[in-house]
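*Asks:* I would like to see how this sequence folds:
(one chain, ligands or ions: 1)
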Amino acid sequence: MDDVRQVRKDTEGYCIEDLAVGMTASFSKTVTEADIVLFAGISGDTNPVHINQEYAATTMFQGRIAHGMLTVGFISAVLGTKLPGPGCIYMNQSLKFKAPVRAGDTVTARATVTELVPEKRRVVLKTVCTVGETVVVEGEALLMVPSRG
Ligand SMILES: C/C=C/C(=O)SCCNC(=O)CCNC(=O)[C@H](O)C(C)(C)COP(=O)(O)OP(=O)(O)OC[C@H]1O[C@@H](n2cnc3c(N)ncnc32)[C@H](O)[C@@H]1OP(=O)(O)O
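*Replies:* I've put the predicted structure just below:
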C-alpha cells in the first residue's frame, strides 16, 4: 500500500476506524555531527564512542557512531507526525540495533501497520530504519489511537 498522504492537518492523526493493515509512512533525516553532539547533551549520554574520535577509532566501529536512541527518535517522528500521527500514545517498542549510523548518513524510518485491535484502540506497526539498503534498526511498536466512536 502506498505511503499515507499528508492530506490531514498537522494536528490531525488517524483514528482506529481509519487505519488498515499495510498502511505505511516514512520520515528521513541526514544525521549531522551537530545532531550527535546535541543528543549527547540533551540525553546526558556522553559515551566517548559518540563524541571522542580518538577513542572511537580504537573500537570495532573504527570511528564515531550515532546514539542508537537518536535513530530511534526518527521512529517516534514518523509515528507521532504521520502514522498514526497526532493523538496517538506510544505504549511499547521493541528494538534491534543491526548496524551503526554515522554522521552524514541519511536514515529513513518507516512504519507499517501490521495489526489492529479495534476494541482496545490499539495498532501494531513494524518499524524499520534504513541507511540506503542497510537495515540499521528494526522492531515493533504498539500504540493507542483515538476512536471516533
Ligand atoms: C549505551 C548505548 C550505546 C549506543 O547507542 S551504541 C549505538 C547503537 N548500536 C549500534 O550502532 C550497533 C549496531 N549493530 C551492529 O553494528 C552489529 O549488529 C553488531 C556489531 C552489534 C553485531 O554484528 P556482528 O557481530 O557482525 O553480528 P552478526 O554476525 O551480524 O550476527 C550474529 C548473531 O547475532 C544476531 N544479532 C546481530 N545483531 C543483533 C542485534 N542488534 N540484536 C539481536 N541480535 C543480533 C544475529 O541475528 C546473529 O544471530 P544468529 O547467529 O542466530 O543468526
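
*Asks:* For the residue of the chain at minimum distance from the ligand, give me its contacts.
*Replies:* Nearest residue of the chain to the ligand: Gly68, at 3.0 Å (C-beta to the nearest ligand atom). C-beta here means a position set from N, CA and C on the backbone, and glycine is covered the same way. Residues near Gly68 by C-beta atoms under 8 Å, 6 or more residues apart in numbering: 95, 97, 137.

*Asks:* among those, which are in helices?
*Replies:* Among the contacts of Gly68, no member is found in helices (DSSP state H).

*Asks:* And the pLDDT at the residue of the chain closest to the ligand?
*Replies:* The model reports Gly68 with a pLDDT of 98.

*Asks:* in the chain, which residue is closest to the centre?
*Replies:* Ile75 (1.1 Å; C-alpha atoms, centre = their mean).

*Asks:* Show me what counts as buried in the helix or strand containing that residue.
*Replies:* According to DSSP states H and E, Ile75 maps onto helix 68-81. Using 16 or more other C-beta atoms under 10 Å as the burial criterion, the residues of helix 68-81 that qualify are 68, 70-81.

*Asks:* Make a markdown table out of the residues you listed and add distance to Ala40.
*Replies:* What follows is the buried residues of helix 68-81, written out as a markdown table (distance: C-beta to C-beta, whole Å):
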| residue | distance to Ala40 |
| --- | --- |
| Gly68 | 13 |
| Leu70 | 9 |
| Thr71 | 14 |
| Val72 | 15 |
| Gly73 | 13 |
| Phe74 | 17 |
| Ile75 | 20 |
| Ser76 | 18 |
| Ala77 | 19 |
| Val78 | 23 |
| Leu79 | 24 |
| Gly80 | 23 |
| Thr81 | 24 |
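
*Asks:* Appreciated, that's everything.
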